[in-house]
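Participant: Provide a 3D model corresponding to the input given below.
(one chain, ligands or ions: 1)
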Amino acid sequence: MEKALVVASLLLMAGGGVHLPHVADANKGKILFQRVDLGGGTTGKSCNACHLGGKGLRSDLFQRKKITIMGMDKHNLAEVVNVCVEKSLGGVALDPQGNEMADLLASMKTDLAALKELQ
Ligand code: HEC
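Facilitator: Residues are numbered from 1 along each chain as shown. I've put the predicted structure just below:
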């Protein structure tokens, strides 16, 4: 009985049942921004092709409650990013709660902050 418990907890620890919180990483996000295969992209474009250094991202991006992108109303940034992943990269939507999404958002935040400093 006790042995079974030990085995079960070892399995839990090894099997990824325990998730450490992901710390969003702007530098990793920047690398994802350059990848044409993000989300399995098929158009040969990366986010950078259109948004290099925060281009085309409005300065209030992280404050807006509702964002309209390509005529569609979206309520959070992950949905907006996924419109671009699907329509611009020709890929499959990323997990809105996933690490890649968190890193992408962090890198956009950094770019926008840098743009603001230039003004
Ligand atoms: C082929 C060009 C193109 C590519 C590649 C592209 N986007 Fe976009 N993106 C756009 C256009 C055009 C808009 C504006 C659409 C509108 O205003 O309706 C936009 C809007 C956005 C917005 C909203 C900006 C705002 O302030 O409202 C975000 C965020 C965004 N894109 C993120 C991304 C991310 C992340 C990637 C990579 C996964 C990406 N985009 C790839 C063209 C592109």
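
Participant: Which residue lies nearest the spatial centre of the chain?
Facilitator: Centroid-nearest residue in the chain: Met101, 1.6 Å away (criterion: C-alpha atoms, centre = their mean).

Participant: Might you report the residue contacts of it?
Facilitator: 78, 81, 94-95 (C-beta atoms under 8 Å, 6 or more residues apart in numbering). Yep, even glycine has a C-beta here, placed from its N, CA and C like the rest.

Participant: near the ligand too, which of these?
Facilitator: Val81 (C-beta under 6 Å from any ligand atom).

Participant: hey, where'd the helices end up in this structure?
Facilitator: 2-14, 26-33, 47-51, 77-87, 99-118 (DSSP state H).

Participant: Could you export those as a markdown table, including distance to Thr68?
Facilitator: Below are these laid out as a markdown table (distance: least, C-beta to C-beta, whole Å):
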| stretch | distance to Thr68 |
| --- | --- |
| helix 2-14 | 44 |
| helix 26-33 | 22 |
| helix 47-51 | 17 |
| helix 77-87 | 9 |
| helix 99-118 | 17 |
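
Participant: Look up how far Val23 lies from Thr42.
Facilitator: 31 Å (C-beta to C-beta, to the nearest Å).

Participant: circling back to that earlier point, worst average pLDDT in the helices of the chain?
Facilitator: Mean pLDDT values for the helices of the chain show the minimum at helix 2-14, a mean of 64.

Participant: circling back to that earlier point, of the helices of the chain, which is nearest Lys65?
Facilitator: The closest of the helices of the chain to Lys65 is helix 77-87. By C-beta to C-beta, the value is 11.2 Å.

Participant: who does that closest one touch, helix- and strand-wise?
Facilitator: On a contact count with 3 or more C-beta pairs under 8 Å, 6 or more residues apart in numbering; DSSP states H and E, helix 77-87 meets strand 67-69, strand 72-74, helix 99-118.
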